[in-house]
Each structure stands twice: as structure tokens, then as C-alpha cells.
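Novice: Sharing a sequence plus its predicted fold:
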Amino acid sequence: MIDKRFESAAAAVTDLPDGATVMIGGFGEAGSPIELIHALIDQGAKDLTVVSNNTGSGRVGLAALIAQGRVRKMICSFPRTANSMVFPELYRAGRIELELVPQGTLAERIRCGGAGIPAFYTPTSVDTPLAEGKETRVFGDRTYVLEHAIKADFSLVKCKRADRYGNLTYNRTARNFGPIMCAAAEIAIVQAADIVELGSIDPECVVTPGIFVKRVVHVPDPAHESRLVAEGRSYP
Amino acid sequence: MIDKRFESAAAAVTDLPDGATVMIGGFGEAGSPIELIHALIDQGAKDLTVVSNNTGSGRVGLAALIAQGRVRKMICSFPRTANSMVFPELYRAGRIELELVPQGTLAERIRCGGAGIPAFYTPTSVDTPLAEGKETRVFGDRTYVLEHAIKADFSLVKCKRADRYGNLTYNRTARNFGPIMCAAAEIAIVQAADIVELGSIDPECVVTPGIFVKRVVHVPDPAHESRLVAEGRSYP
Amino acid sequence: MSRENDQPAGWTRLQMAERAALDIPDGSYVNLGIGIPELVAQFVPPGREFIYHTENGLLGMGPTPPAGQEDVELINAGKKYVSAIPGACFFHHADSFAMIRGRHIDVCVLGAMQISREGDLANWSTGEPGAIPAVGGAMDLVLGAKRILVITEHTTKSLEPKIVERCTYPLTGKRVVNAIYTNLAVIDVAPQGLAVRELAPGIDFETVQRHTGTRLLPTR
Amino acid sequence: MSRENDQPAGWTRLQMAERAALDIPDGSYVNLGIGIPELVAQFVPPGREFIYHTENGLLGMGPTPPAGQEDVELINAGKKYVSAIPGACFFHHADSFAMIRGRHIDVCVLGAMQISREGDLANWSTGEPGAIPAVGGAMDLVLGAKRILVITEHTTKSLEPKIVERCTYPLTGKRVVNAIYTNLAVIDVAPQGLAVRELAPGIDFETVQRHTGTRLLPTR
């Protein structure tokens, strides 16, 4: 029987090794899988490469993982946001690497990682410092940059509803990077606010087909990052 | 006010010019926009390049358009199916060109056409006759073929439900090429079995966002291609 | 099924499908090609659950619906009526081939015109002039799925071997086949060559070798 | 809003946004950058309907919800609470940037640090050592949207011109800006140069030229 449910966030992340590339969903706090990230903090893996649009805020969630010195390198489009101080500190101190990628290129590199496309051409970043050192090529009358797919060993994603096959739906703009990060990872781990019976999700409305998901954890009442930050909380 | 509804299939296709590249949705008869194709037959445009997975069956729909000598070239993955005789006849007589593309490469080339990606690398077709003359490149330990995006002047697509913004949902496996063909066309024309009020389609379940659709035609009771073929019908 | 007098019978088509199904692990995502491969769906071994993918946009394909309940818009890659199981989902073609090309499909079962000693597969075109070439999703599947099983009669109707030293028909993919299920034997494409893993009842190795166009390695 | 004594006032930020909105055709799909551009949404001219795209996955973005009805998972690219209008839809990031890169967005309104005579835009980094570079979706938007409008104060707070011969900050995109809306004027990036199309009330051409780092073409 196919049953991708895991009993806890802790159980779902036990085998994530040092040095892994980990994609973490979310755009700001929307879609950030804070309980899975905290489980990863408890678990102890280090020397990680993290792919995520931002770098977290305050001292919880992704920012806490970074604060623990567990992230060797960030691949993201927007590493500074309101209430983000952990990453800037470490970056200025030369203690964390940054690969800055335009947001659409980041999204497409992740999508290609899941879709078996090793590389593609995009107009984005041509004639800017972010294209420096990259191969360019003219198609028609425009110049494009060659960009490579990103794949992950693990992805941590937050969704709204899941079934035991791993079919997912999301909540509004929390969808963001979730579907493409599930597909781009060897092992996608998803925290779901609801776990429902097979067939409860309309097959026309499944956003992430279960084939892209390996593990599902029930987190019925996920924390709000902004609330934790406002309360001055830190993790652990 | 944004209102993409057109009064009829005929009205929606009037400006489709000779020589246009036209994408036509459907996999077999599922999703084939037969009423829009018949309107295009009536309209008279010729010398068309048609992008569609198959070549139609019997003497209705896409097969009828081809039978009328209006298609200069087909770009497709599977030009012969049960009850397809029009294309094979013309092809053997040297009266129609064929660009044969593996189905996944066809889908990705169309998707890239809509997504602003001019070209990408794929493993599909490497070491086969379909890669002959194409540029190859090694990434990691595998060889890939360079493939180019396809864009269309017009797309003809069938959906289940649409609103005046052009948001669409589909019926089951009739979804197939519809969403990517809408995005890859300058002007996507869609026939919808139902046209509903704004807000009637759950925003989490919209499959084709309206931004990809220019014209919507209400076709409440679309014909079944297989039934027309079984009845020996032909168009016009 | 009738056969030529001098062709040994071995397994029936249904038995070939059943034998292949036995080698598919529990929990696999499986894509079934048109023809004999479709029969595999009838033989899910007890205690296992497979999810069937059809490249025209459905994961969780179920059996042929009862007469009168067919939907012309719920079909498989062979354009036959199918159903959708609870837990199924629909998606568009680019997403469907992302599943294939992105190596998310565990097993693909396909038919064959020829298979070479090294696992090259030819199953889309005879290359004859005047033939209408049609490839569909075969080239994507053979390179995308993690494991490629081929089910085929061991020879053509005129007793020409289909398992050959080198394919003479245009290739679908090079070094892509993992195992071959014929009416005579189960054959693995191993680094050292084509290894007969299992013989059909009443069939001996020499008989299989005699109907094969390349040297086989004997049963272990 | 207070200004330095020697800087002419001209339009307020709200008026700049209103002026830009006037140039957006009915039925446009519009992406609004963070800052002054966000104000454009308040000024849809009578009889027109715009659909707002936010790159984090929403088409049909509506106004700030009433207090108490915010959803931390319904935000815009600036991470502010928004709402969704009837006819809205949600999608993932790759689809969202397919809309952008694929040239489906009609108009994008952005802020600027510098704009060059040829329409080059710099708006993501000062390039200073120690600064944390952050680009977001700006580079995708400037090359993807069909028309790029920039809304900005005509000069920096220290009265340095932002409209210059050549950008000294790292570029967001080259030759991408179509029109500039400042507190002093509306300026088109035309083939022959920067053409002043309209002056703010009480502002003359010479004043605009004096606060600009490159030669302007006079009002037609």
C-alpha cells in the first residue's frame, strides 16, 4: 500500500545528511514550512546548501537554521527583507555564501530540475552583473543567457491539504515555490494542515500530483512566522 | 471592461490570416475544438502550419481542414491514428509537410513558447534519427539535444468552463495541450461548454489563467468527433 | 492464440503480462504502453499498489469503465476509454512529460519491434519509405522512466528474431531496456550481455537461443 | 511631503501615480513594483478595468483587506496583505514568471535609482561593498513586460539627478524603460532621446532640464 504519511516532522527529516542541497518553500512567510525547518534544526544536519527565495526573518524558521551556522550557501533572489538580520550579519562576516539569482530564473531553474531539462536560455539578466561570466547566445534578434537546472536532495514544503498518495493543494499565495520544489527534489517532505481521504481532493484541482511527493507530515496548526517574530521568539 | 466573449466561433476566427501558425488542442478527440476548426474551414485561411499532437480522424475537424488542402505543414508527434486517412494520403502524395516531434519535446517546446524560453536541452531523441542534424551537448554524463520553442499566431482550444476574463477549467484528459497552447499563442481562442460569472471558478482551481486567453466562444454542446466519424460525416 | 507450427508456445500474452507485473515493486508509478503492456494492469500482485500514469494527463488511471459510462474525454495514451481511481489527478502535457523526463516514473512497460544485445530499443518505425512515421511519447519514456520493461513475442510472425545483435530499424533509444518478457523467457539486459533469467514452462535455453539473433547468457 | 528649498515641488507622489495610471490602456494586465508604483492601483481611470499581477502567484490582486481579515498567506510581492478579486487565480512561481518572461504582462510600473538616456534602468543595487544584493523579480519584469513605466522622484534627496547620461549603479536591464513619471514631468524614452511629454503644473522645461543629468528634448 502506498502511504506517504510520516508520524512527525522529526521522523520525516532523520535521514537528511550533512552537505545536502535543501529547497525550502515560501515567499516571505507565506508557504514557509516552519515546523519542518525546526525539525531540521533539531536533527542537526550541517554544511547545507539552501535554495529558498528569501533568508527568513527574526530568529525562527529559516533564519534560525542560518543562525545556527548550518547553512554553507544560500541560493536565493532576495536575501534581505523586513526583519531579516541573521543572513546579513553572517554574509558581511564572510561566513555564508550567496548565489543571487533573479526570481524568475530561480523558479525556472527549479522547474527544469524537476522536469529533466538540464539547461535553458533566458533573456533575464542579460547586460547586467548577474550575467557576468555566463554563456550567452543570440536567438532571433535577442541575446539570452544559458542557465542550468537546480535539483535538490530534499525539499521542505508547506501545503494546505494532502492525501496518502501525496497529492497536494495549497492556500492562496502560499503555493509559490511549493509545486516546483517538490518535483525538483529526490525526497520532497511536505507539511499539511489537513490530511484527507483519497478522492477528497477533486482530481481537477490537485496542484502537486503525488508522484512528486515522498513524505507527508500532519501539522494541523502551523505557526505564523510573523507572529513569532513580533513576539521576539527564537528557535531553538 | 474586460470581456473576452465572442458571439460565435465564426466571429472569433475572422482575422486568422493565410500562412499563420495555428496550434490546435486535443489528444485524439479529447480536447479537440471541433467547432472552432469548422469555423476556420468556413473562414478560408490557407497555407497554414498546424501544431497538434495528431492529424484528426475521418473527414471532420482537423482531418477536414487538412483534406481541404489548407494545411501546408503539420508539426505533431503521432500523425496516424485509428480512422486517420486524410493525412496519410496527402503525405504519401507529397502534398503536406511533416515535422515529427517526440510528444514530450513537442509539449515542452510549446510550453517554452509561452514562457519566453527560446531554447532548451532535452535527453529525448538522442541517438535516434529524430536528433539528426540537431545540436547536441553534454551536461554531466549525459548527452542532450538543443530544441527550440514553438510559438503560434493563433491557438484553438476546447475547455469545459470559462469566465469573461478567460480563466479556464477543462474536463479530465481533455486538458492535455490546452493550457500550454493558450500561453504559446499571440491570440488564443477557446470554446467553452459553460461560460460562468466571475468568481464562480475557485481561484485555486483555475487551470489556465485568463491572461493567456484572448477570445472565448460559448459552444454549449460540442460534437463528439468519434460519433461524427462513426456516422460517416464529413465537413463541410 | 495460434502460432506457427515450429514456434514453441511458452507463455501466453496474459502470462507474459503477469510475469512482468511480478517484477514491479510495490508503490511504483507505472506507465503502460499500447498493446500487450496494457494487460499488465490486470495483474497487480497481492499486497502491492501501483499507480498508473498515462502521458495524456492522468495519474491514477483505473480500468475500462462499464459500458455506458465512458467519457470520450477520459482516455489513455492508446485513446481507449479508462477511468480514474480515488486519488487520481489530471494535468497538462508539459507537466505530464515533466514527470517522464524528470525521472519520476518508476517503471515503463513497452512493446518492441527490435531489442539489441545492449538494450537498444526500436519500436516506432520500420523506416520504410512511404510509411507514415509516428513516435508519440516513446522516445521520452525510454529515456525518462527509471526502469524499462519490454513485453513482446519472442519473434515476428514470420519467425524473424526480434532480439538481435544490432537493431536495423530506427532506434527509439540507445541502451534503455532493462528486461525483456517474451513468450519464451525473461531476459535481463546485464552489463555482460543478455542474461536469461527464467524460462517459460517446457522451454529450454537452446530453444530460446535458436529464436534469438544474438548470443544469450545461460540461466544462472 | 517636504522637499528641499531649491527643489521645485510639481506633482505629489499620489499625483505621479495618478498620471501614470492615465497612460495604462483599458484591459491591461499590470504588475506594480514596491513603493510609489503600488499607489497606481488607487487610480484606475473611469471606464477602464485593469488586472493586477503579483509575481508571487496571483492574478486579480485586490486592495488591502479590512483589518482582521488579513491572511498571512495572501500577500503581494512586497509581502503586504492584499485581497483577491472575483475572477482571480493562484498559480506557482514558474507559471507566474512564464507570464512575465513570456511577454503576457502589458505594463509594469517600477521604481528607479537611475534611468539612462537610452532607457537603461538601475533599481536593485548600489553596488557598494558590504551591501546585501537582492534582485527579486525586477530583472525578469523589465525584460518581460511589454511596457515599462518608471515612477520616481526626479532627483535623489540630495538633489542628485536620477535621470542620467549613463547609469553608474549596476543595471537591472538595458534599454528597457518606455516612460518616466517624476514629480516634475512625464518623459518618454524615444528613439531620438528623452522627450518631455508633459510638465507638472508650475514647472518649466528649463527647471526639469536643470535637475536632469542628460539632455532632454523639449515638449512637443
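Specialist: Structure's in. What do you need? Residues are numbered from 1 along each chain as shown, chains lettered A, B, ... in the order given.

Novice: Break down chain C into its strands, ranges please.
Specialist: Ranges of strands within chain C are C:29-32, C:51-54, C:58-62, C:83-90, C:107-110, C:114-116, C:121-122, C:147-151, C:163-164, C:179-181, C:185-190, C:193-199, C:216-217, based on DSSP state E.

Novice: dump the residue contacts of residue 186.
Specialist: You didn't say which chain, so I picked chain A. A:151-154 (Cβ atoms under 8 Å, 6 or more residues apart in numbering or on different chains). Yep, even glycine has a C-beta here, placed from its N, CA and C like the rest.

Novice: that's the other chain; I wanted chain C
Specialist: For residue C:186, the contacting residues are C:19, C:23, C:179-180, C:196-198, by Cβ under 8 Å, 6+ apart.

Novice: thinking again about what came up before, I'd like the contacts of residue A:186 as JSON lines, with neighbour count and pLDDT appended.
Specialist: Formatted as JSON lines, the contacts of residue A:186 follow (neighbours: other Cβ atoms under 10 Å in any protein chain shown; pLDDT from 0 to 100):
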{"residue": "A:151", "neighbour count": "21", "pLDDT": "98"}
{"residue": "A:152", "neighbour count": "26", "pLDDT": "98"}
{"residue": "A:153", "neighbour count": "17", "pLDDT": "98"}
{"residue": "A:154", "neighbour count": "26", "pLDDT": "98"}
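
Novice: Narrow the contacts of residue C:186 to just the buried residues.
Specialist: C:19, C:23, C:179-180, C:196-197 (16 or more other Cβ atoms under 10 Å in any protein chain shown).

Novice: Next, residue A:110: secondary structure please.
Specialist: Put simply, residue A:110 is helix when judged by DSSP: H, G, I helix; E, B strand; the rest coil.

Novice: Quick check, it in contact with residue A:177.
Specialist: Yes: using Cβ atoms under 8 Å, residue A:110 is in contact with residue A:177, at 6.8 Å.

Novice: and of the contacts of residue C:186, the nearest to residue C:52?
Specialist: Nearest to residue C:52, judged by Cβ to Cβ, of the contacts of residue C:186 is residue C:23 at 16.0 Å.

Novice: Tell me how far that closest one lies from residue C:32.
Specialist: Separation of residue C:23 from residue C:32 (Cβ to Cβ, to the nearest Å) stands at 14 Å.

Novice: Alongside chain B, which residues does chain C contribute?
Specialist: Proximity of chain C to chain B (Cβ under 8 Å from any Cβ of the partner chain) is limited to residues C:54-58, C:71-75, C:79, C:84, C:90-94, C:96-97, C:100-101, C:125, C:127, C:130, C:132-140, C:143-144, C:170-174.

Novice: Go back to those and keep what's next to chain A.
Specialist: Among the residues of chain C next to chain B, chain A is touched by C:84, C:90-91, C:94, C:97, C:100-101, C:144 when using Cβ under 8 Å from any Cβ.

Novice: Now flag whichever of those residues is closest to chain A.
Specialist: Chain A lies nearest to residue C:101 out of those, by Cβ to the nearest Cβ, at 3.2 Å.

Novice: Surely the closest one is in contact with residue B:104?
Specialist: Yes: judged on Cβ under 8 Å, residue C:101 makes contact with residue B:104 at a distance of 5.6 Å.

Novice: These two: who's more crowded?
Specialist: Remark: of residue C:101 and residue B:104, residue B:104 carries more neighbours, 32 against 27, as counted by other Cβ atoms under 10 Å in any protein chain shown.

Novice: how close does the more buried one sit to chain C?
Specialist: Distance from residue B:104 to chain C, counting by Cβ to the nearest Cβ, to the nearest Å: 3 Å.

Novice: before we move on, what SS does that residue have?
Specialist: With three-state DSSP as the basis, residue B:104 sits in helix.

Novice: list residues touching both of residue C:101 and residue B:104?
Specialist: By Cβ under 8 Å, 6+ apart, residue C:101 and residue B:104 have these common neighbours: B:122, B:124, C:140, C:144.

Novice: ok, and the most crowded of these?
Specialist: When neighbours are counted by other Cβ under 10 Å, residue C:140 leads the shared contacts of residue C:101 and residue B:104 with 33 neighbours.

Novice: Name the nearest residue to the residue most central in space within chain C, sequence neighbours excluded.
Specialist: Taking Cα atoms, centre = their mean as the criterion, residue C:110 is the residue nearest the geometric centre of chain C, at 2.3 Å. Sequence neighbours aside, residue C:33 is the residue nearest to residue C:110 in space, at 4.0 Å (criterion: Cβ to Cβ, 6 or more residues apart in numbering or on different chains).

Novice: Please apply the same query to residue A:90.
Specialist: Excluding the flanking residues, the one nearest residue A:90 by Cβ to Cβ, 6+ apart is residue A:96, at 4.3 Å.

Novice: Could you tell me the end-to-end distance of stretch A:69-87?
Specialist: Start-to-end span of stretch A:69-87 (Cα to Cα, to the nearest Å) is 10 Å.

Novice: which of the residues in that stretch are buried?
Specialist: Neighbour-count burial for stretch A:69-87 [16+ other Cβ under 10 Å]: A:70-71, A:74-81, A:83-84, A:86-87.

Novice: How about it and chain D, any contact?
Specialist: Yes: using Cβ under 8 Å from any Cβ, stretch A:69-87 comes into contact with chain D via A:77-82, A:87.

Novice: can you give me how far that stretch is from the chain middle?
Specialist: Taking Cα atoms, centre = their mean, to the nearest Å, one finds stretch A:69-87 lying 13 Å from the centre of the chain it belongs to.

Novice: Nearest to residue C:15, out of the shared contacts of residue C:101 and residue B:104: which one, please.
Specialist: Comparing the shared contacts of residue C:101 and residue B:104 against residue C:15 with Cβ to Cβ places residue C:144 closest, at 28.2 Å.

Novice: Now do the residue lying farthest from the centre of chain A against residue D:139, distance only.
Specialist: Relative to the centre of chain A, the most outlying C-alpha is that of residue A:141, 35.1 Å out, by Cα atoms, centre = their mean. Noted for residue A:141: a distance of 20 Å to residue D:139, by Cβ to Cβ.

Novice: before we move on, what about residue C:111?
Specialist: From residue C:111 to residue D:139 the distance is 48 Å (Cβ to Cβ).

Novice: the more surrounded of these two?
Specialist: Neighbours per residue (other Cβ under 10 Å) separate residue C:111 from residue D:139, with residue D:139 holding more: 31 against 17.

Novice: Flag the shaky bits of chain C, pLDDT-wise.
Specialist: Along chain C, the model assigns pLDDT under 70 to residues C:1-7, C:220.

Novice: where do the helices sit along it?
Specialist: C:13-22, C:93-101, C:138-144, C:205-210 (DSSP state H).

Novice: ok, residues contacting the first one?
Specialist: Going back to what we said before, that points to helix C:13-22. C:1, C:11, C:36-37, C:39-40, C:42-45, C:109, C:149, C:151, C:179, C:181-183, C:186, C:198, C:200.

Novice: Could you pull out the helices in chain A for me?
Specialist: With DSSP H as the definition, chain A shows helices at residue ranges A:9-13, A:34-43, A:61-67, A:86-92, A:103-115, A:178-184, A:225-230.

Novice: need these in JSON lines with mean pLDDT and distance to residue B:60, can you?
Specialist: Converted to JSON lines, those look like this (pLDDT from 0 to 100; distance: least, Cβ to Cβ, whole Å):
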{"stretch": "helix A:9-13", "mean pLDDT": "98", "distance to residue B:60": "53"}
{"stretch": "helix A:34-43", "mean pLDDT": "98", "distance to residue B:60": "53"}
{"stretch": "helix A:61-67", "mean pLDDT": "97", "distance to residue B:60": "56"}
{"stretch": "helix A:86-92", "mean pLDDT": "94", "distance to residue B:60": "61"}
{"stretch": "helix A:103-115", "mean pLDDT": "98", "distance to residue B:60": "35"}
{"stretch": "helix A:178-184", "mean pLDDT": "98", "distance to residue B:60": "38"}
{"stretch": "helix A:225-230", "mean pLDDT": "94", "distance to residue B:60": "57"}
